[in-house]
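In: With the input below, show me the fold.
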Amino acid sequence: MRIILPHRENPALSEKARDISIADISGTHIQELIREMRSLLSKEEFGVALAASQVGEPVRLFIVSGRALARGSRNSPDEEDVSENATELPTQPDQVYINPELVKMSRKKTEKHEGCLSIRGKWGMVPRAEKASVRAYDENGIRFTRGASGFLAHIFQHEMDHLNGILYIDKASELYDDKPEDDSHEK
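Out: Residues are numbered from 1 along each chain as shown. Have a look, this model is predicted:
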């Protein structure tokens, strides 16, 4: 079973990932990689997406969790509401993006709080386009395009950066350490 590797121990995070041939999408290696990445992502309380580069596989593949997709839907709040009165968002299946390409991005940018499963304990404010559209193949080799705004658009750009050998700490306008857990701390 693969693990999410820390950025200092993972050379795949600093290289441009290679395309996956359409014929290989249905093959054992890629299907197993997808299964393991889904499993890893499901165990992360605050993880919303995972790129293959993060598990040491420099191929153009990332997965967005169903939790993030529900949160990124048009009528859901951009930030998680952690209050007792928050309603539970419906669960959606994880979405697989193979050989993704950003096909459209808005000019307007917004800074958002951002972290990474490969750089634990650090956070930063990262400016990203408010809207982004990605064209990719799913795990069945079917091509699709998905547009997003806000939170989900931010995720798309973060994951695309991973596939291009760029980390959010390279773009952050401000970096800070995770605060120790206490009663007033919210993630």
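In: Ile34 contacts Ile63, correct?
Out: Yes. Using Cβ atoms under 8 Å, Ile34 is in contact with Ile63, at 7.1 Å. In short, each C-beta sits where N, CA and C put it, glycine included.
In: Those two: which is more packed in?
Out: More crowded of Ile34 and Ile63, by other Cβ atoms under 10 Å: Ile63, with 25 against 19.
In: Bridged to the most centrally placed residue in the chain, which residues?
Out: Nearest residue to the geometric centre of the chain (Cα atoms, centre = their mean): Ala49, 3.1 Å. Applying DSSP bridges to Ala49 gives these bridge partners: Val64.
In: separation between it and Ala23?
Out: For Ala49, the distance to Ala23 (Cβ to Cβ, to the nearest Å) stands at 26 Å.
In: Now Ser173: closest residue in space, sequence neighbours ignored.
Out: Met125 (5.1 Å; Cβ to Cβ, 6 or more residues apart in numbering).
In: these two touch, right, Asp178 and Gly124?
Out: No. Shown here, Asp178 and Gly124 do not form a contact pair, counting by Cβ under 8 Å, at 11.2 Å.
In: In terms of neighbours, single out the busier of those two.
Out: Set Asp178 next to Gly124 and count neighbours by other Cβ under 10 Å: Gly124 wins out with 21 against 12.
In: Can you list the residue ranges for strands in this structure?
Out: Using DSSP state E, the strands of the chain run over residues 49-51, 61-64, 95-105, 109-116, 119-129, 131-137, 143-149, 174-177.
In: a markdown table please, covering these and showing mean pLDDT and distance to Gly27.
Out: A markdown table is the format used below for the strands of the chain (pLDDT from 0 to 100; distance: least, Cβ to Cβ, whole Å):
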| stretch | mean pLDDT | distance to Gly27 |
| --- | --- | --- |
| strand 49-51 | 98 | 19 |
| strand 61-64 | 98 | 13 |
| strand 95-105 | 97 | 12 |
| strand 109-116 | 94 | 28 |
| strand 119-129 | 95 | 31 |
| strand 131-137 | 98 | 13 |
| strand 143-149 | 96 | 18 |
| strand 174-177 | 92 | 39 |
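In: Many thanks, I have nothing further to ask.
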